[in-house]
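Peer 1: Please find the sequence and the predicted model below.
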Amino acid sequence: MPSNEATSVPQLGPASGDYEPVVEVRGLTKRYGDHLAVDRLSFSLARGTITGFVGPNGAGKTTTMRLLLGLARPSAGEALVFGSPYRALERPASRVGAVLESSDFDLGRSGRNHLRCLARAMSIGDDRVDDLLELVGVADAANRPVRGYSLGMRQRLGLATALLGNPDLLVLDEPANGLDAAGVHWLRTSLRHLASNGKTVLVSSHLLAELSQTVDGVVIIDRGRLLAQRHIGELDGAPGALERYYLDLIAKEPT
Amino acid sequence: MIPQLRSELLKLRTTRGSLTLLASMVVLVVFIVLLHSFALSAATLRVAANQPKVFGWGTSIGALFAALLGALSVTAEIRSGTILPTALVTPNRSLLIAAKSAATALAGLLVGLLAEGLVAATASAAFAARGIPVEITTGGFAQMLAGGAVAASLWAVLGTGIGAIVRNQVGAVAGLCVWLLLIETLLIGQVPAFGKFMPGSTAGALAGMLQSADSSKLVAPAQGAALLFAYTAVAAGAGALATERRDLG
């Protein structure tokens, strides 16, 4: 088990003894050849919370998300969602929604067609697709090829993809990337709204100031290892507190 | 598997690549058939045993394009990254490959029928224009259409398996083209005792004719069907296994 002292910090969310974490990562390790992308990482997320997932480029955030979603296999340890590995979930897309990269589209197909293909496999009707296109604000461009979408529109379409199955957990990799100011505001409002309805969100981002306005807590990693898991209330409330805390932590890391 | 199948069929119908592929096939079939119909001497073409040199192209081209359609159904998703949302919705990857195989098998049937029908029509017209009688019987044409369609359907699944194993789009496409058009032609031409058992030649056996071999060199249709089915099952099984075991993205 990891001896890293940071793993012993209190968990986020309600302290009652009987709650089951929505996400539980234990000793998670992923090795690519000689490179340790994720190194004995452990953290857990409580229901109804928004957690920021932060760390330098190459820290292992995307790899961790891929392991959590069953897209890659851990070298050691485990990543559980709702108590089991993703691939063991019954109808997983109605429990977990994810956006990993804004580029995961067939550029020749329309946004509506992209959603419909996935909706078919989930036995979800086309009216839900149209509702979501409306909800994320790409209804006007729905019949155009994704090739012509801006980065922000692709992020919106990605979020619609994640929401198709009305999941209880959202895993979002840098969803604010490429959004304009109105888009960032829209994303923040959407995430807060989802969390107030009991949804749990894990969201990676480099925009710490924005993140501190949105999240309940943060998981900070570097070189695949956990540096800290903190409730946002544990930091002093001054503007820029999260950024200062983060930069201090990273600076203490041996290079 | 029905929801996954419906999803895959929608993808096949609406992916621009599939339509481009079909259009290329139509152009290629007409070009090759006209080329051979007019380049070969009338004396050669009047011999019944030589007519598969023209009429047999539908089998190979149908099988090839069906296989490409199958391979692209996997490699295009890997290339574009849509394999990630697809795998999130259907994390059972064997089920995913099975659904892709079923969808491409259906599409392959149509591709094979189209290729054989186009060859039959174009070659018959070209022969008529040169005043050469077509020596293929009604039964021969029926086997060509039905057998060619079944062969292309199996080749579509074979291609899906190859795509899942190779994963790289250019590699899978180049490999299938080189195998079917070059290596199989050499094998059936140079070592027919061995070459006739290869998957491309068994497609010829199913359809009753192949452009690269005398029909007498091919195995019996039933044996060809059994062999091609076995190749297809192995490729699809290996493709499913490879997809199960490997990381995506």
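Peer 2: Good, I have the coordinates. Numbers count the residues shown, from 1 in each chain, chains lettered A, B, ... in the order given.
Peer 1: Tell me the gap between stretch B:134-146 and the middle of its chain.
Peer 2: 19 Å (Cα atoms, centre = their mean, to the nearest Å).
Peer 1: Then stretch B:194-203?
Peer 2: The chain centre lies 13 Å from the centre of stretch B:194-203; the measure is Cα atoms, centre = their mean.
Peer 1: Stretch B:236-249 now?
Peer 2: 22 Å.
Peer 1: Neighbours of A:Glu134, how many?
Peer 2: By other Cβ atoms under 10 Å in any protein chain shown, 13 other residues sit near A:Glu134. Where you see a C-beta, it was placed from the backbone N, CA and C, and this is true even at glycine.
Peer 1: and it, that one's in a strand?
Peer 2: No: for A:Glu134, which was evaluated using DSSP: H, G, I helix; E, B strand; the rest coil, the result is helix, with no strand membership.
Peer 1: Any part of stretch A:145-160 near chain B?
Peer 2: No: Stretch A:145-160 lies apart from chain B when judged by Cβ under 8 Å from any Cβ of the partner chain; the minimum separation is 8.6 Å.
Peer 1: List the buried residues in the helix ranked longest in chain B.
Peer 2: Secondary structure of chain B per DSSP state H: the longest helix is helix B:93-130. Under the neighbour-count criterion of 16 or more other Cβ atoms under 10 Å in any protein chain shown, helix B:93-130 has B:93, B:96-120, B:122-124, B:126-127 buried.
Peer 1: That one packs against which elements?
Peer 2: Here helix B:93-130 touches helix B:2-14, helix B:16-39, helix B:42-46, helix B:52-55, helix B:57-80, helix B:83-89, helix B:138-166, helix B:221-245, going by 3 or more Cβ pairs under 8 Å, 6 or more residues apart in numbering or on different chains; DSSP states H and E.
Peer 1: can I get these in a markdown table with mean pLDDT and mean neighbour count?
Peer 2: A markdown table is the format used below for these (pLDDT from 0 to 100; neighbours: other Cβ atoms under 10 Å in any protein chain shown):
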| stretch | mean pLDDT | mean neighbour count |
| --- | --- | --- |
| helix B:2-14 | 95 | 20 |
| helix B:16-39 | 94 | 16 |
| helix B:42-46 | 95 | 14 |
| helix B:52-55 | 96 | 26 |
| helix B:57-80 | 96 | 28 |
| helix B:83-89 | 95 | 24 |
| helix B:138-166 | 97 | 25 |
| helix B:221-245 | 97 | 18 |
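Peer 1: Look up phi and psi at A:Ala79.
Peer 2: phi -130, psi 120 (degrees, to the nearest 10).
Peer 1: Dig out what it forms beta bridges with.
Peer 2: Listed beta-bridge partners, A:Ala79: A:Val25 (assigned using DSSP bridges).
Peer 1: Return the residues in contact with it.
Peer 2: By Cβ atoms under 8 Å, 6 or more residues apart in numbering or on different chains, the residues touching A:Ala79 are A:Val23, A:Glu24, A:Val25, A:Arg26, A:Leu28, A:Thr64, A:Leu67, A:Leu68, A:Pro85, A:Tyr86.
Peer 1: In helices, which of these appear?
Peer 2: Those of these lying in helices (DSSP H): A:Thr64, A:Leu67, A:Leu68.
Peer 1: and the first one, how many residues sit next to it?
Peer 2: Applying other Cβ under 10 Å, we find 29 residues neighbouring A:Thr64.
Peer 1: For the residue nearest to it when sequence neighbours are not counted, give me its contacts.
Peer 2: Spatial nearest neighbour of A:Thr64, excluding adjacent residues (Cβ to Cβ, 6 or more residues apart in numbering or on different chains): A:Val38 at 5.5 Å. A:Val38 makes contact with A:Leu28, A:Thr29, A:Lys30, A:Gly60, A:Thr63, A:Thr64, A:Leu67, A:Pro74, A:Gly224, according to Cβ under 8 Å, 6+ apart.
Peer 1: pLDDT added to the residues you listed, as a markdown table?
Peer 2: Output for the contacts of A:Val38, formatted as a markdown table (pLDDT from 0 to 100):
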| residue | pLDDT |
| --- | --- |
| A:Leu28 | 98 |
| A:Thr29 | 97 |
| A:Lys30 | 97 |
| A:Gly60 | 95 |
| A:Thr63 | 95 |
| A:Thr64 | 97 |
| A:Leu67 | 97 |
| A:Pro74 | 97 |
| A:Gly224 | 95 |
